[in-house]
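# Just a sequence and a predicted model for now, questions to come.
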Amino acid sequence: MGLGEIVNGLLTSRERLVWEASLARNARDYMKGADLAREGEKPGALRVILAGWAQKYKQMPDGRRQILGVVLPGELCDLDLFTVARTDHSLAAVRRLTVAEISRGEAQRLFEKCPNLAPALCWAAIVGTAVQREWTINIGQRNALERVAQLLCEIYVRQRDVPSTAGGACDFLLTQGQMAEAMGLTQVHVNRIVQQLRLRCAVEIRNMRLEIPDFAQLAALASFNATYLHLGEASALIERVRMLFSPEAYKLDRPLDRPNDGTISPGV
């Protein structure tokens with residue numbers, strides 16, 4: 001479930017116009033490999049990917065690098081602008097990238113003009129954290145074959161944005177070296193795994209495209225379950241957010257659920 005789907009469901013038509021105008025006005029291009037943000041810097045912008053892929057990573061003093069996640073078109077990079085004094089990871093373009101970089105001042109004005117925007121961005125950050133947990137499981141518990149299969153399944157489903165899917169194709173911009181940095185493997189090992197997946201599941205990665213003829217077979221190999229992506233939950237989520245953030249939910253004069261005479265109700 002992409003950020004755009006939630007934005008369309010939560011924001012009014014006027015708010016959507018303001019939000020989309022801000023994205024277009026703040027669009028910026030980056031070349032392949034260029035850093036958008038570096039670890040230790042003061043956060044400078046709220047970033048939404050418009051085209052291309054970004055990668056989050058941390059680099060060791062000796063040059064070793066761990067890719068922490070990838071950010072696809074329509075997704076929020078992070079909420080660091082409002083949460084931390086210094087960024088704890090770096091962000092770079094996987095290939096040529098277009099990203100909306102909204103400054104702190106403009107973001108604050110956006111929240112004033114679009115009160116329904118904050119819940120949408122919070123949801124995006126929550127799903128991003130869920131994806132990060134799955135990547136931790138990937139490295140900690142899955143074997144090499146399962147790791148790569150899981151990565152391919154996730155990237156495929158995130159781009160199609162549906163709870164379950166048949167076979168098909170999608171963009172795949174990572175090199176085998178980047179896959180290795182994401183999976184905690186060597187590039188040689190990743191190459192062997194890709195060859196195995198080609199033989200076992202007819203999976204092909206070529207010309208920056210991923211082809212999965214039988215998604216169910218690949219998903220079974222990875223024990224892939226897309227629940228953590230919260231796909232197909234837009235309508236229910238939008239309703240819950242509206243209830244949570246409605247003025248009625250925070251009325252101070254509503255009756256309490258327990259007596260106000262200082263006593264404690266049974267069971268409390």
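Looks like it arrived, so ask away.
# only C-alpha atoms for contact and neighbour calcs from this point on.
Noted.
# List every C-alpha atom in stretch 203-219, with coordinates, as CSV.
What follows is stretch 203-219, C-alpha atoms only, in CSV (Å, rounded to 0.1, in the frame of the first residue of the first chain):
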residue,chain,number,x,y,z
VAL,A,203,13.6,-16.3,-12.2
GLU,A,204,15.5,-13.8,-14.5
ILE,A,205,17.2,-10.6,-13.6
ARG,A,206,18.4,-8.7,-16.7
ASN,A,207,18.4,-5.2,-18.2
MET,A,208,17.2,-3.8,-14.8
ARG,A,209,14.1,-6.0,-14.9
LEU,A,210,13.0,-8.9,-12.7
GLU,A,211,10.9,-11.6,-14.2
ILE,A,212,9.1,-14.1,-11.9
PRO,A,213,7.0,-16.6,-14.0
ASP,A,214,5.7,-18.4,-10.9
PHE,A,215,5.5,-16.1,-7.9
ALA,A,216,3.9,-18.7,-5.6
GLN,A,217,6.8,-21.1,-6.1
LEU,A,218,9.4,-18.3,-5.3
ALA,A,219,7.3,-17.1,-2.3
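# Flag every buried residue along that stretch.
Neighbour-count burial for stretch 203-219, counted by 16 or more other C-alpha atoms under 10 Å, picks out 203-205, 210-213, 215-216, 218-219.
# So which of these sit within helices?
215-216, 218-219 (DSSP state H).
# how about a markdown table for the residues you listed, with pLDDT and distance to Q196 added?
Formatted as a markdown table, these follow (pLDDT from 0 to 100; distance: C-alpha to C-alpha, whole Å):
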| residue | pLDDT | distance to Q196 |
| --- | --- | --- |
| F215 | 94 | 15 |
| A216 | 94 | 17 |
| L218 | 96 | 12 |
| A219 | 95 | 15 |
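# count of neighbours near the nearest residue to R104 once chain neighbours are set aside?
Residue nearest to R104 in three dimensions, not counting chain neighbours: A45, with 6.1 Å by C-alpha to C-alpha, 6 or more residues apart in numbering. Neighbourhood size, A45 [other C-alpha atoms under 10 Å]: 21.
# same check, this time on L97
Using other C-alpha under 10 Å, L97 has 22 neighbouring residues.
# I'd like to know how far the closest residue to it other than its chain neighbours sits from T136.
Of all residues not flanking L97 in the chain, G52 sits nearest, at 4.6 Å (C-alpha to C-alpha, 6+ apart). Note on G52: its distance to T136, by C-alpha to C-alpha, to the nearest Å, is 24 Å.
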